[in-house]
Each structure stands twice: as C-alpha cells, then as structure tokens.
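*Asks:* predicted structure and sequence below. I'll ask about it afterward.
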Amino acid sequence: MKLLKLLLATILLCSTNTLRAQKYVGGDISMLTKYEEAGVEYLDSTDKVVDALTFFKQEGLNAMRVRLFVDPSKDNDKAVCQDIEYVKALGKRIKDKGMKLMLDFHYSDTWADPAKQWTPDAWKSLTNEQLYEKIYEYTKESLQQMVDAGATPDFIQTGNEISFGMMWGTEAEAKNNNNNRCYTNSPDANWTRFITLLKKAGKACREVCPEAKIIIHSEQTPKPTVLTDFFDRMTTASLDYDIIGLSYYPDFHGNLAKLETALTTLEGKNYGKDIMVVETGYSYAWAIGDYYDYTSTYPYTEDGQKQFTIDLIAKLKQHSLVKGLFWWWPEDNGNKRVTNSWWNAALYNHNTGQPWPAFYELKNFATESSGLQGIEAEKISNSDKWYTIDGRRLGSEPSKSGIYINNGKKKIVR
C-alpha cells in the first residue's frame, strides 16, 4: 500500500511539473536568418552583442514559430523567402536550443491570410481530387524533410488564418467570383472541399509527426458567432486537430474585451481543445492598422507597448485553456533594410538594437501553471464536473484510464 501511495504521489508530481511546462511563449521569428545574414546585431540590456536564439531562451521564451511557403520565389516581397531549405535550417537551430517549434504551413507561394489564400502556382491546374492528394503528399514530404534535418515540429498549423478556407484558386479567377471561399452561408461544397483539404493535411501530420499538436488557425477573434460557426463545422466534420489558434491584434480586432469574449465563448462551447494566441503585436510608435484606435489606453510608445503586453498576459492567464502566446515578427531589428517595410510592432529598437521593455514581459505568460492550479483555485463543488490534468473540461465522467480532476481533487480512473 505504501508503495502504491508513493507511486501515485510520484505520478501526480510528474503530472504537475509537466503541467507547469505546458504553457508556451515566444514569437514568429521567420525573418531571423535574413537579419543575421545582413549583419544585424542583437543586443541585451547592457549593450552586449548576443546570439538571438540563445538570448531568447535565457529570457524565458520556450517556443518559436516559423512559416513555410510552397515556392516563395514567385513573390517579390523580401519577407516571403521561407522555402523548405530555409525552414529546415532555422527549425534545427530552434530545436537545438531546446525550444519547441511551431511550423506554419502557408499553402501558397505568398502570404496566406483572410484576404489571400491563393493556390500555389504549380498546383493551379489540378482538380480538387488532385489537390487533396497534393496537399497530403506535400505536407508529408515537407514534414519528413524537417524530421530528417533534426527539426521535428512540435506544433503544426495546417494553414494560416483560414477562416474563409484556403487554396481558393488563382487571384485572377477571384476577381470574377468568390470561388471556393467559405463563409457562414457558403455552399456546402465549398466547406466539404476545405475540410477535405484539412483532413488530408492532418493525415500527413499524424503519420510523420504523431507527437505533434495540430493547430487550426482563425483570425475571427472579434466575431464570436463566426468563430464558433467555423469550429462547430470542424466538430461536425470530425476534424482531427488539437489546438484552436487565434490571431489577436488590437489595431485590427479591438480591445482586450473583444479577446475576452472570444475566449469565454470558445470555452463555453466545450470543444475539448486547448487555445493558443499564435499571432499578436502592438506598436511602439505608429499604428499597424486603421480599424481600431487603442491609444487612449495604450499609447504608441515603448511604455504603452509594455503595458499592453502586461495586460494581455494577465487576461490570458484568466483562461486555463490558453496554453500559448506568440508575438508576430518580434525580431525586426536594425536600420538595415532586409524587407520591403518596417514592422512597427517589433520588440526591438531599430536604432539601438536592444529589446523594447515589452520583450522582457513575455516570459511572464509561462511563469506559473494553468490548468490544475486554476481548477483548484476555483474550488469546484459540483462533483459532476470532470477535467483533464491540463485543465480541459470533459462533457461527462471519463471512460479512459488516467488522472483527472473531480470536485477539486485529483482522481485516478482505472
């Protein structure tokens, strides 16, 4: 009996320690290699030149995101340069530093976002049936190359900001119609096509990287009804994925109350998925969008950017399902022009090469456990509420063996 109790205590301790490591914070650093090749220097707060990735890790960041285009040579934008060779090399460096890697598939030759989901040039003549196989083969081959290069992804986005579908066709075709786009009232055939593409991509992920978590990414944070319609459809279609990924930029999506509504709405739907904010950012100088002006609360200054980061993290910590926070393009740095434009929400001072104060706040997202401690803090009294060890609420009493939380206490189901 004593041995059993000791074993149980060890299991629970390991589970709690694992839980504390299950929050991920970092950024999309897809341009880091280009900055380094241009001779941009990254400094710490004492003006010492440092290796960027080493410094990121030392400052408490534990995960990085990198985008992948099919054939970026088709685009003239200097920030669209991440082909498979580029991504393998940067991905390996990230993994070698002991950080987690999120691979963001842009199934396009250029930026894939809500307004642009163009089919890669080499695939544009394929039928839908051929595209289903192509996305499977391409995803599988790309992932296998990553694995062989020592850059196995821990998280995989099968598409970037895909609320309205992906691989619509060509831009020229789209001028005449809304072919293949997915809206709430879009034809069922559009949704069937889109979800089939996602299933094929996900199948490749499970085969090559079975331990990786699949992320489905939406930017519809300020529109909870659109957001839930989207993920309801994923549930109805039995799509295999693990994490709901969100974009949240105040300039485009509104104040933190908008984010709060989105998170609360998603949690209330009981999808059984963790949530990550896979893109965020706020300016230190000029607006990055003209939809919302949040400067009365957070002025466009280094202090304003810092306070936004502090308040964002505090908001996210109120939600046990939120397990990730990634800043968009934090590494934009220096006066050497390596892209077509500046990014005003970077975390580096272009003049000094030092991080803005907001950079040093990011680590605080991952400094305390979420799921288990959050549940215990709520002092749950209803015995019919069951949670997984990482804080996800279940719809009923679990049928699988494992450790769960019920009535505020750890319980073993055999």
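*Replies:* Structure received.

*Asks:* buried residues in stretch 114-132?
*Replies:* Under the neighbour-count criterion of 16 or more other Cβ atoms under 10 Å, stretch 114-132 has 114, 117-120, 123, 126, 131-132 buried. To be clear about C-beta, it is placed using only N, CA and C from the backbone, and glycine gets the same treatment.

*Asks:* so how far is the first residue of that stretch from its last?
*Replies:* Taking Cα to Cα, to the nearest Å, stretch 114-132 runs 21 Å from one end to the other.

*Asks:* try stretch 91-104
*Replies:* 11 Å.

*Asks:* also stretch 39-57?
*Replies:* OK, stretch 39-57 end separation, Cα to Cα: 21 Å.

*Asks:* average pLDDT for that stretch, rounded please.
*Replies:* Throughout stretch 39-57, pLDDT has a mean value of 95.

*Asks:* name the residues that touch it?
*Replies:* With contact meaning Cβ atoms under 8 Å, 6 or more residues apart in numbering, stretch 39-57 is reached by 26, 29, 32, 36, 64, 93-94, 97-99, 331, 333-334, 336, 338, 348, 352-355, 360.

*Asks:* quick one, helices of the stretch 151-300 of the chain?
*Replies:* If DSSP state H, counting those that start in this stretch is used as the criterion, the helices of the stretch 151-300 of the chain fall at 171-174, 188-208, 224-236, 250-253, 256-268.

*Asks:* for Val87, which of the ones you listed is the nearest?
*Replies:* Val87 lies closest, by Cβ to Cβ, to one member of the helices of the stretch 151-300 of the chain: helix 188-208, at 14.8 Å.

*Asks:* relative to helix 224-236, how tilted is that closest one?
*Replies:* Using axes from the mean of the first three to the mean of the last three Cα atoms, to 10 degrees, the direction of helix 188-208 lies 60 degrees away from that of helix 224-236.

*Asks:* distance between helix 188-208 and the chain's centre?
*Replies:* Here helix 188-208 is found 19 Å from its chain centre; the criterion is Cα atoms, centre = their mean, to the nearest Å.

*Asks:* deepest-packed of the helices of the stretch 151-300 of the chain, please.
*Replies:* When those are scored by mean count of other Cβ atoms under 10 Å, the highest mean neighbour count falls to helix 250-253 (a mean of 21).

*Asks:* report the backbone C-alpha coordinates of it in PDB.
*Replies:* Extracted in PDB, the C-alpha atoms of helix 250-253 (Å, rounded to 0.1, in the frame of the first residue of the first chain):
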ATOM      1  CA  PRO A 250      -5.800  45.400 -31.200                       C
ATOM      2  CA  ASP A 251      -5.400  47.600 -34.300                       C
ATOM      3  CA  PHE A 252      -7.400  45.100 -36.300                       C
ATOM      4  CA  HIS A 253      -9.500  43.200 -33.700                       C
END
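
*Asks:* packing partners for the host helix or strand of Leu316?
*Replies:* Element membership of Leu316, judged by DSSP states H and E, is helix 302-317. If you count contacts as 3 or more Cβ pairs under 8 Å, 6 or more residues apart in numbering; DSSP states H and E, helix 302-317 packs onto helix 256-268, strand 322-328.

*Asks:* avg pLDDT for that helix?
*Replies:* Helix 302-317 comes out at a mean pLDDT of 98.

*Asks:* next one: stretch 104-116
*Replies:* On average, stretch 104-116 scores 97.

*Asks:* show me which positions of it end up buried.
*Replies:* 104-114.

*Asks:* how long is it end to end?
*Replies:* From its first residue to its last, stretch 104-116 covers 16 Å (Cα to Cα).

*Asks:* how about stretch 30-47?
*Replies:* 24 Å.

*Asks:* in that stretch, what's buried?
*Replies:* Neighbour counts using 16+ other Cβ under 10 Å place 30-36, 40, 42-43 of stretch 30-47 among the buried residues.

*Asks:* for stretch 312-330, same thing?
*Replies:* 312-313, 315-317, 319-330.

*Asks:* repeat that for stretch 133-145.
*Replies:* Neighbour-count burial for stretch 133-145 [16+ other Cβ under 10 Å]: 134-136, 138-140, 142-143, 145.

*Asks:* what residues does it touch?
*Replies:* 68, 70, 84, 88, 103, 105, 107, 123, 126, 153, 156, 158, 167, 197, 200-201, 203-205, 207-209.
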